[in-house]
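# Turn this into a structure:
(chains A and B)
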Amino acid sequence: MIEDKRVFTTELAVIGSGLTGMAASIYAINRGISTSLAGNTGAIAYTTGYLDLLGKADPSSCTIFADPWQAIASLRENQPHHPFARVTDEEIRLGFEEFTAFITSCGIKYSSPQEHNVMALTPAGTSKPTFSVPATMQAGVEAFAAKKHCTIVDFRGLRGFSARQFVANLQSEWPRLEAARVTFPNMEHGEIYAEVMARALEVPANREALAQEIKAVAGESEVIGVPAVLGMHNPDEVMADLARLIGLPIFEIPTMPPSVPGIRLREMFEQVFPQKGLTLVPQQKVTAVDFKAEQIQLSLRDNFGPITILAKTVLLATGRFLSGGLQAQHDGISEPLLGLHVSQSDSRDDWYRQYYMDRAGHAIHLAGIEVDDQFRPVDAHGKIVDKRLFAAGVMLAHQDWIRGRCGAGVALATAYRAVNEAHKLLQTA
Amino acid sequence: MSDATVPTINFKEKAIELLPEGASFDACLTCGLCSSGCPASGIENMDPRKFIRMAMLGMNEELSSTPWVWTCTQCKRCQHVCPMNIDISQLVFLARGNWPKEKKPTGIVRSCELTRSTDSTSAMGLPPDDFVFVVNDVLEEVREQQPQFKDMVAPIDKKGAHFFVNQNSREPMSEPDEMVPLWKIFHLVGADWTYASKGWAAENFCMFSGDEEAWYEVIKTRLDATNELECAVWLNTECGHSYYTMWNAVNRFGMEANFRVESLITYYAQWIREGKLPVNSDWNTQNIKFTVQDPCQIVRKAYGDSIADDLRFVAKKLVGEENFIDMQPNRSANYCCGGGGGFLQAGMTEHRRTYGKRKFDQIMATQAEYVLTPCHNCHSQMEDIGHHYGGAYHVVHFWTLICLSLGILGENERTYLGPDLAKIGL
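Numbering: from 1, shown residues only, chains lettered A, B, ... in the order given. Okay, the predicted model is just below:
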């Protein structure tokens, strides 16, 4: 069969389509850099929707910081190799602002980051510090802070979210919290999914039917909380319309994966990026990168056949073990695409401490790619691999994003700096 | 149903054989994105994640005999959203093929048998002579009654024509006037095209019956016909699976095709860009809203988003940018409507409509009055679920709207237009 060759030429090739790759694409689009983005689905569909900056400066301590900036200052002292030590507060602020402004303009409104962390709700009925929340979750943060009279509603057939559990865990902190269960309209039987409910709520008739169900259990509540199902494509409109129909403010609580806030972000990016001129190769991993003198050649293929991307600069944001950015083998941890040097403990025996829940964390979570101040990967001797190659996100060494509650912070701040550095290089070339 | 039992497959073992090196169903994180995004989830108490987990647990008897495999349309959305890129549809294909013929849904088996019963490869069994007769008969009538098209042609077996064009049997069998708009388009752009008396038909349910050998044979007939006529392009009509069954088979079976396999949609877009099809939306003075259904077989499973972009380019030119509303999700992430995979032929009406509820909600959320789609199975399914669930929308082919926009749509070529458009441009 006679086939076409597909070759795309761009200034920046972003490899990886998690939060870091998405954020890098936004910064590149805003700077007028012609950009391609390739990568597997990534873990973005697993996100709660919260954007954390930094909740804990010292993983082994119990202290949760209300002021992330104070936490970052403390972290820079204690962990001088942490990626946050290579960026300024100003850059972090600007990175967050640019990111949340972009997604807000694309129809998923986020709170503009403030000076302080807020305490946000989790599906288990606990709270955690975060920096920026989707507008659909904002009323939950406020209701929790003010301890308003609130009913949490769950749905027959929806696994992974229990209003009773949520209330049981929070009751001591939040006395006027109640649980109720309703049947989602037209989903009376079997297992139901948050994603399906969210899409169903884009239809006005389904919102009206659900509002009736919720009104019947609302009692004297001042506000209603539901698992994150308030629409997929127009969440803010769905929330506003449901609030109008019920006559009470309503907010979302993140659910277990697969979670709606993550799918929302991914689907929005996949639609908006090509409209903004970005070359998107969704769902495919780059299989080879060849650094030639005149250009960098990326190879990959989709269902239709081979694709070549020719780029002037490359930003690697392939994440950690789950998305394949790092690989753990018997003899150590490697970076499979470019064979980059991976900072890691000398022996596999040191990856984990004896107790999984040990407050001090595990060495394996600090392993990752070493970079210089321009976020260019370096080899074991500290020499840069190629001045056109940048790396960002949680694949970087010396950070434990889960314990630090700093996943989005690391993603956005490092992508912001790396894209700016790539931009400088492109301008001088 | 016969008394025959379904032999048991060792799914885990087969999966290891089928998967490319390094890939593994063990990689499944059990996150459930597949099931959450699958319209067949819950039917027959099964879903894609459960299927994988049961395969890993060795529950081979249950998986070998579950009728769910006939309600999964093999649309590959599960793989599309899977962070580990696990392809469940190939296990479904395997399971389908493993069912004894007499237990498989009769409609799919019958369609495949009819496809192989004549050189036409028509799933409705229309023989070559009858096809040639209908084409010539309709052509003659149009040339007489629409003087503007007195020189229009519909060549058959024209050696060396640039395009080898296939035709869904539904048109020559039951609505022959629906062939005319496409001929008019070819006439207008000056395309050098031909039908063939052999291998002209577009359908191929043999793939959906899981019968690899039959699938190969049907494609071989079509491929030989195209090679014999020395056409440069095998041009697939407004149909989803006929493209996929050809394109995928050429690669899968390593067949020798001396031509390109292409979709009509990319040519609609090209001809509009080149000014050969000067369509516009001036006719849409009522600002009637349209949406587009992306057929899985040509978008997610083959071309990817590039053809979805062409679909939107053409649609917006036809109806006006402001009158186009996208379904959510869309393009490669779109939901299968439930008409594909042989579902329409399988006789499992209740399941098919349960599956189609998500498509119905997607369409209703757009509040569009019309759905455009270049796929006959999508077309039939969306009409059916519209009637069943009480939607007032219409489903139309692209060729209808192209000719409507150009003011050349004949009176008998308006089967799928609603009353609001029935008289426009007559």
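# can you tell me which residues contact the residue nearest in space to the middle of chain B?
When CA atoms, centre = their mean is applied to chain B, the residue found nearest the centroid is residue B:240 (2.1 Å). Counting by CB atoms under 8 Å, 6 or more residues apart in numbering or on different chains, residue B:240 touches B:295, B:296, B:297, B:298, B:340, B:374, B:375, B:376, B:377, B:378. Where C-beta positions appear, they are placed from N, C-alpha and C, glycine not excepted.
# quick one: which of those residues sit in helices?
Of the contacts of residue B:240, the ones assigned to helices by DSSP state H are B:376, B:377, B:378.
# Just give the number of residues close to the last one.
Meaning residue B:378. 28 (other CB atoms under 10 Å in any protein chain shown).
# That one and chain A: what is the separation?
For residue B:378, the distance to chain A (CB to the nearest CB, to the nearest Å) stands at 18 Å.
# Centre of the chain to the strand or helix carrying residue A:271, how far?
Per DSSP states H and E, residue A:271 falls inside helix A:260-275. Here helix A:260-275 is found 12 Å from its chain centre; the criterion is CA atoms, centre = their mean, to the nearest Å.
# Pull the contacting residues for the nearest residue to residue B:308 once chain neighbours are set aside.
Sequence neighbours aside, residue B:331 is the residue nearest to residue B:308 in space, at 3.8 Å (criterion: CB to CB, 6 or more residues apart in numbering or on different chains). Residue B:331 sits next to A:270, A:271, B:294, B:299, B:305, B:308, B:309 when contact means CB under 8 Å, 6+ apart.
# Can you spell out which helices and strands pack onto the helix holding residue A:271?
helix A:19-30, helix A:194-200, strand A:279-282 (3 or more CB pairs under 8 Å, 6 or more residues apart in numbering or on different chains; DSSP states H and E).
# what about 6 Å?
helix A:194-200, strand A:279-282 (3 or more CB pairs under 6 Å, 6 or more residues apart in numbering or on different chains; DSSP states H and E).
# What mean pLDDT does the helix or strand harbouring residue A:136 get?
Assessed by DSSP H and E, residue A:136 sits inside helix A:135-146. What helix A:135-146 shows for mean pLDDT is 97.
# roughly how far is whichever helix or strand comes after it from the heart of the chain?
Moving toward the C-terminus from helix A:135-146, the next helix or strand (DSSP H and E) is strand A:150-155. Put simply, strand A:150-155 sits 26 Å off its chain's centre (CA atoms, centre = their mean).
# Taking strand A:150-155 as reference, get the angle to whichever helix or strand comes after strand A:150-155.
As assigned by DSSP H and E, the chain's next helix or strand after strand A:150-155 is helix A:163-170. Using axes from the mean of the first three to the mean of the last three CA atoms, to 10 degrees, the inter-axis angle of helix A:163-170 relative to strand A:150-155 is 140 degrees.
# And helix A:163-170, what does it pack against?
On a contact count with 3+ CB pairs under 6 Å, 6+ apart, helix A:163-170 meets strand A:150-155, strand A:177-182.
# So which bits of chain A are right by chain B?
With CB under 6 Å from any CB of the partner chain as the criterion, chain A meets chain B at residues A:1-2, A:41, A:45, A:190, A:193, A:195, A:200, A:202-203, A:233, A:257-258, A:267, A:283, A:302, A:304.
# ChimeraX command to pick out the buried ones of those?
Command for ChimeraX, covering only those of the residues of chain A next to chain B found buried under the criterion 16 or more other CB atoms under 10 Å in any protein chain shown:
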select /A:1,41,45,193,195,200,202,203,233,257,258,267,283,302,304
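# mind giving me a markdown table with the ones in helices among the contacts of residue B:240 and columns for pLDDT?
Shown next, in a markdown table, are the ones in helices among the contacts of residue B:240 (pLDDT from 0 to 100):
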| residue | pLDDT |
| --- | --- |
| B:376 | 96 |
| B:377 | 96 |
| B:378 | 97 |
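# Regarding chain A, what is its longest helix?
helix A:407-428.
# Tell me which helix or strand the residue lying closest to residue B:128 once chain neighbours are set aside sits in.
Closest residue to residue B:128 apart from its sequence neighbours, by CB to CB, 6+ apart: residue B:197 at 4.2 Å. In the assignment (DSSP H and E), residue B:197 maps to no helix and no strand.
# Quick check, pLDDT for the closest residue to chain B within the stretch 251-400 of chain A.
Residue of the stretch 251-400 of chain A nearest chain B, by CB to the nearest CB: residue A:258 (4.3 Å). We have a pLDDT of 85 for residue A:258.
# That'll do, ta.
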